[in-house]
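*Asks:* Output the structure for:
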Amino acid sequence: MLRSIILLCLILISFSCSDRRLQKEYPKIDIQITNALILDGEGSKPVKGDVFIVGDKIVKISQKKIRHDHILKTIDARGKYLAPGFIDLHSHGDPLETPDFENFLAMGVTTVSLGQDGFSPNYNDLQEWKDKVEGTGIALNIAMFVGHGSLRELFGINEKTHPSQEEIIEMAALLEQNLKICFGMSTGLEYTPGLYAEQNELLELAKIVGKNDRMIMSHMRNEDDNALIESIDELLAQGEFCRVHVAHLKSVYGKGSERAEEILDHLSNARNRGIDVTADVYPYTASYTGIAILFPDWCKTNEQFEIAKVERREELKDFIRAKVNFRNGPQATLLGTEPYKGKTLLDLEKEMSKPFEEILIDDIGPEGASGAYFVMNDTLQNTLIKDPNIGISSDGSETSFHPRGHGTFAKIIEEFVVKNEVLTLEAAVRKMTSYAADILKISDRGRIKEGMKADLILFDPYKVKSNATYSDPFQLSEGFDLVIVNGKVVRQNAQLSGDKPGVVLDPN
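*Replies:* Numbers count the residues shown, from 1 in each chain. Predicted coordinates for the structure are as follows:
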């Protein structure tokens, strides 16, 4: 009996001391989340506990109950999982147009990476853009990249194949200036004007990126299976000077797990040689981009197109016909731009009673539409997703006619964790949190630890649902009951709070 009383007293003393220390250091707690299954983001098994937030930081994590006299808001997790907010490694959007980013918040994303595919806002000084964004307010965080194509446009280089050394020096100087507030440079080598850049230009810019300890995130030159390794090697050459990242890794026309393993081995061998290379994927077998991808390199812009229609029409028709048929035929291109939205090229052939190549030439043109292209293999892409060295991105936005912008991260939980058990919950969360943070070198997010920023999500994985479809891609995901950004509740029970505590992140 005496032993029991002594033990109880010791427990009470320990409990009381913990209270006093926390209360002395933090007289007021802004948010306490209780009874949560805490996923730390590093792949560890969940632990039941409470998380205390003051301002924008996690100040205490406890597996035992702690009292505090001044808690402004208590949220009972009721045994749901509490994880770091997801970090989207490759995303699109304009915070000056859509500062709420609800499509991302609804699938648990608290940080997006913008300035992708070689295109960043049309500012010489991106600090000016950053000031405007933060002056307007945003609901989540942004990791910004400098667009290589935008640099070419700003200096009037555009489609020039051989810029002068002086022009390259000018681009490098502006790149270095903007890298002070950006996480790296993005390239879009399949798009105008990036596709006109040669390796000497890219290597010179890579040296600037490496000098500033930043990364190149690349939409590579060619994602077709027969050109994929060559495209990766072009990026790996830049990796001799800086960290490099393959955006939305895919193999167009490639098939099977064996081919996926060959691609993964190629990246692994590069890492073994000392090249810091990473990659991300999205969980869909259709890509989405401008219709110019179906046109030849000599006919990507409207200016080039007007000349080609007159001087090379038959050659243009032959190229488009072969390209579309090679990409699984006209039924595999689903347009996402009015007045063709929701229709395939095959649908348009039937409606307009003429071949799809003539529709693309006479009615649409290379800059007249965007679309989803069903050109990937499930087994290959799923093998990529399983690899622990591959992160997750949406490559989506609020407006693109593709379900990835509203469903990616929910789909990873719903299909790859719960339904098909391809990934454990801990492994999936790691990919979307701490691993993404490590790729970007974000040191204060992506983990639930004391002292980290309070970007948090609360969910029951069995209730997470990706509602977006190819025919109706704008449906919000379900199941993420609470989303906290920088210590503020921004979305709860499918309702936006109206707070906009997000920031344009400074690279570490």
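*Asks:* Let me see the domain layout of this structure.
*Replies:* Domains of the chain are assigned by automatic domain parsing as 86-284+377-392+409-447, 288-374.
*Asks:* Return the most buried member of those domains.
*Replies:* Most buried of the domains of the chain by mean neighbour count (mean count of other Cβ atoms under 10 Å) is domain 86-284+377-392+409-447; its value is a mean of 20. For the C-beta atoms, the positions are set from N, CA and C on the backbone; glycine is no exception.
*Asks:* roughly how far out does that domain sit from the chain middle?
*Replies:* 8 Å (Cα atoms, centre = their mean, to the nearest Å).
*Asks:* ok, now stretch 350-370?
*Replies:* That offset, for stretch 350-370, works out to 31 Å (Cα atoms, centre = their mean).
*Asks:* Leu72 - that's part of a strand, no?
*Replies:* Yes - Leu72 forms part of a strand when assessed by DSSP: H, G, I helix; E, B strand; the rest coil.
*Asks:* which residues sit in contact with Gly407?
*Replies:* By Cβ atoms under 8 Å, 6 or more residues apart in numbering, the contact set of Gly407 is Met107, Ser466, Asn467, Ala468, Pro473, Gln475, Ser477.
*Asks:* Please tabulate the domains of the chain in JSON lines and include mean pLDDT and distance to Val503 as additional columns.
*Replies:* Converted to JSON lines, those look like this (pLDDT from 0 to 100; distance: least, Cβ to Cβ, whole Å):
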{"stretch": "domain 86-284+377-392+409-447", "mean pLDDT": "97", "distance to Val503": "6"}
{"stretch": "domain 288-374", "mean pLDDT": "95", "distance to Val503": "28"}
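*Asks:* now for the ones you listed, which one comes closest to Lys57?
*Replies:* Closest approach to Lys57 among these (Cβ to Cβ): domain 86-284+377-392+409-447, 8.6 Å.
*Asks:* follow-up on the earlier one: which pair in the contacts of Gly407 spans the largest distance?
*Replies:* Once Cβ to Cβ is applied, the contacts of Gly407 give Met107 and Pro473 as the farthest pair, at 12.7 Å.
*Asks:* so what's in contact with those two at the same time?
*Replies:* His406, Gly407.
*Asks:* quick one on the thing from earlier: Serialize the domains of the chain to a markdown table and add fields for distance to Gly43.
*Replies:* Below are the domains of the chain laid out as a markdown table (distance: least, Cβ to Cβ, whole Å):
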| stretch | distance to Gly43 |
| --- | --- |
| domain 86-284+377-392+409-447 | 4 |
| domain 288-374 | 30 |
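*Asks:* Would you map the strands across the stretch 201-350 of the chain?
*Replies:* Along the stretch 201-350 of the chain, the segments classed as strands by DSSP state E, counting those that start in this stretch run 215-219, 243-246, 277-281, 286-290, 333-335.
*Asks:* sorry, back to before: from the contacts of Gly407, pick the one nearest Pro330.
*Replies:* Distance to Pro330 across the contacts of Gly407 (Cβ to Cβ) is lowest for Pro473, with 20.3 Å.
*Asks:* That closest one: how many residues sit nearby?
*Replies:* By the measure other Cβ atoms under 10 Å, the count of residues near Pro473 is 24.
*Asks:* my read: it touches Pro403, true?
*Replies:* Yes - with contact defined as Cβ atoms under 8 Å, Pro473 counts as touching Pro403 (4.4 Å).
*Asks:* Can you give me the first-to-last residue distance of stretch 276-290?
*Replies:* Start to finish, the residues bounding stretch 276-290 are 30 Å apart (Cα to Cα, to the nearest Å).
*Asks:* so how far is that stretch off the chain centroid?
*Replies:* The chain centroid and the centroid of stretch 276-290 are separated by 9 Å under Cα atoms, centre = their mean.
*Asks:* I'd guessed Phe480 sits against Val464; true?
*Replies:* Yes - under the criterion of Cβ under 8 Å, Phe480 makes contact with Val464 at 6.9 Å.
*Asks:* returning to that earlier point: out of the domains of the chain, which gets nearest to Glu25?
*Replies:* Closest to Glu25 of these is domain 86-284+377-392+409-447 (Cβ to Cβ; 19.0 Å).
*Asks:* one step back: include distance to Gly194 when you put the strands of the stretch 201-350 of the chain into TSV, please.
*Replies:* As requested, those are exported to TSV (distance: least, Cβ to Cβ, whole Å):
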stretch	distance to Gly194
strand 215-219	8
strand 243-246	15
strand 277-281	19
strand 286-290	13
strand 333-335	23
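*Asks:* So which bits of the strand ranked longest in the chain are buried?
*Replies:* Counting by DSSP state E, the longest strand found in the chain is strand 29-38. Of all the residues in strand 29-38, those buried under the rule 16 or more other Cβ atoms under 10 Å are Ile29, Asp30, Ile31, Gln32, Ile33, Thr34, Ala36, Leu37, Ile38.
*Asks:* other SSEs contacting that strand?
*Replies:* Counting contacts by 3 or more Cβ pairs under 8 Å, 6 or more residues apart in numbering; DSSP states H and E, strand 29-38 is packed against strand 47-54, strand 71-76, strand 81-84, strand 456-459.
*Asks:* Could you identify which of these is most buried?
*Replies:* strand 81-84 comes out most buried of the helices and strands packed on strand 29-38 by mean count of other Cβ under 10 Å, with a mean of 28.
*Asks:* what are the pairing partners of that one, and which direction each?
*Replies:* Note on strand 81-84: by DSSP bridges, its sheet partners are strand 29-38 (parallel), strand 456-459 (antiparallel).
*Asks:* who does the helix or strand that that strand is followed by pair up with?
*Replies:* Downstream of strand 81-84, the next assigned helix or strand under DSSP states H and E is strand 86-88. With DSSP bridges as the test, strand 86-88 is paired with strand 109-114 (parallel).
*Asks:* contacting residues around the next helix or strand after the partner strand?
*Replies:* Sequence-wise, the next helix or strand downstream of strand 109-114 (DSSP H and E) is helix 126-136. When contacts are defined by Cβ under 8 Å, 6+ apart, helix 126-136 is touched by residues 95-96, 99, 120-121, 123, 142, 144, 146, 178, 180-182, 503-504.
*Asks:* And for stretch 419-429?
*Replies:* With Cβ under 8 Å, 6+ apart as the test, stretch 419-429 has contacts from 39, 41, 43-46, 81, 83-84, 382, 385-386, 388, 412-413, 415-417, 431, 461.
*Asks:* let's see it at 6 Å
*Replies:* By Cβ atoms under 6 Å, 6 or more residues apart in numbering, the surrounding residues in contact with stretch 419-429 are Leu39, Gly43, Ala83, Lys386, Ile412, Phe416, Val417, Pro461.
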